[in-house]
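# sequence first, then the predicted structure, then my questions.
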Amino acid sequence: MALSSCRASNSLRSNFALKCLVSGTHLVPWGSSVRGLSTLFTQGKKANQVWDGASCFFFTNDRYFSSPMTRERTVQRFNIKRYLHNEADKGNDDHKSDPSKFNSEGRRVFSDEEAKQLYQKLKVIWYDNSLNEYHKNLKITELFINYGIEGVASPSASKVVSVILSDPDSKNPGQKFENVQKFHQNLVDFFLMQHQNIKPARDEKFNSSQKTSGGDKNNGGFNNNMKMFNGQVNFQWFLIWLSTGIILLYMLGSDSFEKEITWQDFRTSLLDKGYVEKLIVINSNRVRVVLNDKGRSQPMGANAEYYFTISSVRTFEERLKKAQDENKVPDNVRIPVSYVHSTPIGKTLWSLLPTVILFAFIFWSTSKILKSGRGLGAGMFGKQKKFKKFNAEKNVKISFSDVAGCDEAKEEILEFVNFLKDPQRYERLGAKIPRGAILCGPPGTGKTLLARATAGEAKVPFYSVSGSEFVEMFVGVGASRVRELFTTARENAPSIVFVDEIDAIGKSRSKGKASGGNDERENTLNQLLVEMDGFSSSDYVVVLAGTNRVDVLDPALLRPGRFDRKVYLSNPELEGRKAIFGVHMKKIKLSPDCDLEDLKGRLATLTPGFSGADIANVCNEAALGAARQNEDCVKLHDFEQAIERVIAGLEKKSKVLSPDEKKVVAYHEAGHAIVGWFTKYADPLLKVSIVPRGQSALGYAQYLPPDIYLYSTDKLMDQMTMALGGRVSEELHFDSVTSGASNDFEKVTNIAQRMVMACGLSPKVGLISYNIDRGTDMTKPFSDKTAALIDSEVHRIVDECYSRCKKLLSEKSKEVELVAQYLLKKEVITREDMVRLLGKRPFPDQNDAFDKYIKSKEERELEKKDANGKDGKNSDSSQPKDKGHTVEKGKEEDDHKNDSNEGPKDD
């Protein structure tokens, strides 16, 4: 701080010391104040520098104050700012200011350079964390500007100024601004608004800071923030007035000035004493008592109104007449009674209060949006969603090598990619690229994955959007987004657009609108149709779409010229499943002793009907299971457990069955296993378990159906016979049956109905197909007579399968007993166990993959020996099989003896 050789006058020192002591001696130690002020003035400071020295001496030393808040209050209480400013205006002989620096109102006029310096100093104030309220910072800034560059300083600014200037982003600027640049611009705007006669300094450096601020070009950032602040204050006042109005309405509606009395009080205290002038019956249930002059002169009636309730007008009139008769009141002076129907204004206003609050909120929110400068086109009404653009080199890391199990679909999609990469190859022959292709198929077959792989393969812009993103509650938004999407795609042509779940907007348009009005979804669909093949369509924009409900799409969307091709992705076959397992196993750490090809083949055989998503889930569950057991690698056992978990659910260890229930479940599952083992066209058995799994499965049998597409009558009959094996086994081995076969009956009924109604396998119904998947259509496409015939044929087929099943299980009763007892002991029985217990299956398996990957080596060798027809020791297949029975039974007896805990439970 610069010093001056001139000393301040004694009057100046005394007045200044007196002002300080009067304003703040109760906060600042009295002796410290005197010593500090004396020291300052004896050094000959300039009058306009005394405040700066005092602030440095007192307000930057925490030892003079009990807390930062105390220091802040001290700064605000010291009024020497105006005193020093007035002294400077009067003109000190030694330090007389230049009159040209003050305007007609006495305010200081700053030059451009001084404005820049002031702007830099103002930044310090807003970084003060102790002053985190908007109006406080605003007030201090105003004082700073009005009373000079060296005027009011932030109390704690001296401690943080070095940190702020070195790293401005390290502090929160007033907690009101989005960024530091905008906050700086607000300070400059505020300064220029307070001093309109200042010429703004507009050098390149100063303008660059303003351009990067993001403030309003017309009004300035400060004006916007002041509007925000005023809006907050106005809304607070609105809440205050609203609360006051609610209280007043409650008081008006509560009739708080009236006092309720009973009939007895009314008669003894008012009626019998002659204080009543008239009675008013309100709404037939309330009587207001109007007192006469005599009654109002009494203490009890001075400032009160009385009322009492009545049950009915007739009863009230009778009681009033009786009371007046008892008092012998003449007819000409009896109390008059009037009847009115009214509603208190308070209750009326109270009922309107919710509506008023709703409209007030709508008005406030609308005005806030309008004042923000964005209008109704912004915010929730605007088009803020941008379509994600995938770049082949940066964003999308998936390629066709990561997609397996759908080679035909990849070939179809690859043709689009090749055309966009090299269109001259096709155009020279006069070919036109198809406008689009729709990927359809069951869920989880890889439609979206194939589209993402297309983005990875194509070296063109790829735009992906979901069908639901076009649908909004506001009319016109969906069509606008379609236009925006295709406009962007044409600007970057050649390009690819992928619409996932297009059935959200592409459903077939109804012929008549039952609800009336405007359908936003149809408008969006119409705009999509025009963009794909209309006047503004482009030859170099390819549209791909994905859906699993292609049957509900509008025909205009599927016609050639829009979606020229339908690429169907079905559940993968055996080879496809092997390829998918190979893709997902790349990231899994497998056991070193696992043969990858054999593992993929075995797992693909164990997962018939699985989609790509199911296979990915199996691989993930296997890795999770291995990690759960703290294993170093994933083994075959982990994959098999994962498959069981996906098929039947998690093993329910907490669901403990009673011995009787466990026995019923064991015989039930043994019935399924025996029927499947001794029927020709049944699917190969893999495993039978009586361990509860999932929500309701108390036991299950796992089969491996081959990948076939034609079902003969014999195969369908064998499947139904095997499904009925559980119930028939319960009937043969127990006195009563249970409800455990309900799911089996459902499967049998569905197969029989399809045989009769869809496949033409009933000689009586004939070669007629009735649509059994009618959905919500309640009409039947056949007569009641035909319906009765269909029911009789379904019953005939089911009864025939039931008879076959009962006959087979009656003949194989010993085998059922053997398998059931083994299940009770081990809870799980595999195919190898079935071979050891029952011998080789009497019918050859029709599943080649099953023979290759699932059958054990012993079973394969046994079949080879039987096929070669060798004589001698190996010619009699029954003898080794009987020995196998003996050995296995002996092992079971030894295990049974050694396992003392399981023995009594099984018995």
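Happy to help now that I have it. Because the structure is a prediction, the values reported are computed rather than measured.
# which stretch of helix or strand covers Pro822?
In this structure residue 822 is Tyr, not Pro. For Tyr822, the host element (DSSP states H and E) is helix 813-826.
# and Leu544, which of the three is it?
For Leu544, the assignment made with DSSP: H, G, I helix; E, B strand; the rest coil gives strand.
# from Val552, how far off is it?
19 Å (CB to CB, to the nearest Å). Just so you know, the C-beta spots here come from the backbone N, C-alpha and C atoms, and that holds for glycine as well.
# repeat that for Lys397.
Distance from Lys397 to Val552, by CB to CB: 34 Å.
# sorry, back to before: would you mark the buried spots in the helix holding Tyr822?
Neighbour counts over helix 813-826 (16 or more other CB atoms under 10 Å) mark Glu815, Val816, Leu818, Val819, Ala820, Gln821, Tyr822, Leu823, Leu824, Lys825, Lys826 as buried.
# which residue packs closest to the third one, ignoring adjacent ones?
Nearest in space to Leu818, with sequence neighbours left out and distances taken as CB to CB, 6 or more residues apart in numbering, is Leu837 at 5.6 Å.
# burial of Leu358, as a residue count?
10 (other CB atoms under 10 Å).
# please identify which helix or strand holds it.
helix 345-371.
# still on that earlier bit, which one's more surrounded, Leu544 and Val552?
Leu544 (26 against 10).
# need the per-residue pLDDT for the more buried one.
Confidence at Leu544, expressed as pLDDT, is 90.
# surely it meets Val499?
Yes. At 7.4 Å, Leu544 and Val499 qualify as touching, with contact defined as CB atoms under 8 Å.
# gap between Gly446 and Val583?
From Gly446 over to Val583 (counting by CB to CB), the distance is 11 Å.
# mean confidence for the helix holding Leu358?
On average, helix 345-371 scores 71.
# cool, and stretch 289-309?
79.
# how far does that stretch stretch from start to finish?
Start and end residues of stretch 289-309 are separated by 11 Å (CA to CA, to the nearest Å).
# give me the buried positions along that stretch.
Val289, Val290, Leu291, Gly295, Gly301, Tyr306, Tyr307, Phe308.
# average pLDDT across the helix or strand hosting Asp598?
Taking DSSP H and E as the criterion, Asp598 maps to helix 596-606. Taken as a whole, helix 596-606 has a mean pLDDT of 85.
# which other helices and strands contact the helix or strand that it is followed by?
Counting by DSSP H and E, the next helix or strand C-terminal to helix 596-606 is helix 612-628. Helices and strands touching helix 612-628, by 3 or more CB pairs under 8 Å, 6 or more residues apart in numbering; DSSP states H and E, are helix 574-584, helix 636-648.
# which one of the ones you listed is the most hemmed in?
helix 574-584 (a mean of 21; mean count of other CB atoms under 10 Å).
# and it, what does it pack against?
On a contact count with 3+ CB pairs under 8 Å, 6+ apart, helix 574-584 meets helix 596-606, helix 612-628.
# CA atoms only: put that helix into PDB for me.
Taking C-alpha atoms only, helix 574-584 is exported to PDB below (Å, rounded to 0.1, in the frame of the first residue of the first chain):
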ATOM      1  CA  LEU A 574     -26.900 -77.600 -33.900                       C
ATOM      2  CA  GLU A 575     -24.100 -76.200 -36.000                       C
ATOM      3  CA  GLY A 576     -25.300 -72.600 -35.300                       C
ATOM      4  CA  ARG A 577     -25.300 -73.300 -31.600                       C
ATOM      5  CA  LYS A 578     -21.800 -74.700 -31.800                       C
ATOM      6  CA  ALA A 579     -20.600 -71.500 -33.600                       C
ATOM      7  CA  ILE A 580     -22.400 -69.300 -31.000                       C
ATOM      8  CA  PHE A 581     -20.800 -71.200 -28.100                       C
ATOM      9  CA  GLY A 582     -17.400 -70.700 -29.900                       C
ATOM     10  CA  VAL A 583     -18.000 -66.900 -30.000                       C
ATOM     11  CA  HIS A 584     -18.900 -66.600 -26.300                       C
END
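# so what touches that helix?
402-407, 572, 596, 599-601, 603-605, 607, 610, 612, 615-616, 619, 707, 849 (CB atoms under 8 Å, 6 or more residues apart in numbering).
# make a PyMOL selection of the buried ones in those.
Only the buried entries of those go into this PyMOL selection, using 16+ other CB under 10 Å:
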select buried, resi 403+404+405+406+572+599+600+601+603+604+605+607+610+612+615+616+619+707+849
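# could you dump the helices and strands packed on helix 574-584 to CSV with distance to Pro494?
Output for these, formatted as CSV (distance: least, CB to CB, whole Å):
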stretch, distance to Pro494
helix 596-606, 38
helix 612-628, 29
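# among those helices, which comes closest to Met532?
Smallest distance to Met532 across these (CB to CB): 28.4 Å, for helix 612-628.
# so what angle separates the directions of the closest one and helix 636-648?
Here the directions of helix 612-628 and helix 636-648 differ by 130 degrees (axes from the mean of the first three to the mean of the last three CA atoms, to 10 degrees).
# can we start the residue count at 230 from this point?
Noted, 230 is the first residue going forward, which turns the last one into helix 841-857.
# buried sites along stretch 650-661?
Buried-residue list, stretch 650-661, by 16+ other CB under 10 Å: Pro652.
# quick one: average pLDDT of that stretch?
On average, stretch 650-661 scores 83.
# please apply the same query to stretch 812-820.
Mean predicted confidence for stretch 812-820 is 87.
# what residues are up against Tyr769?
Counting by CB under 8 Å, 6+ apart, Tyr769 touches Leu649, Pro652, Ala722, Pro723, Ser724.
# let me see the contact set for the last one.
The neighbourhood of Ser724, defined by CB under 8 Å, 6+ apart, consists of Leu649, Val689, Pro690, Phe691, Tyr692, Ala718, Tyr769, Val770, Val771.
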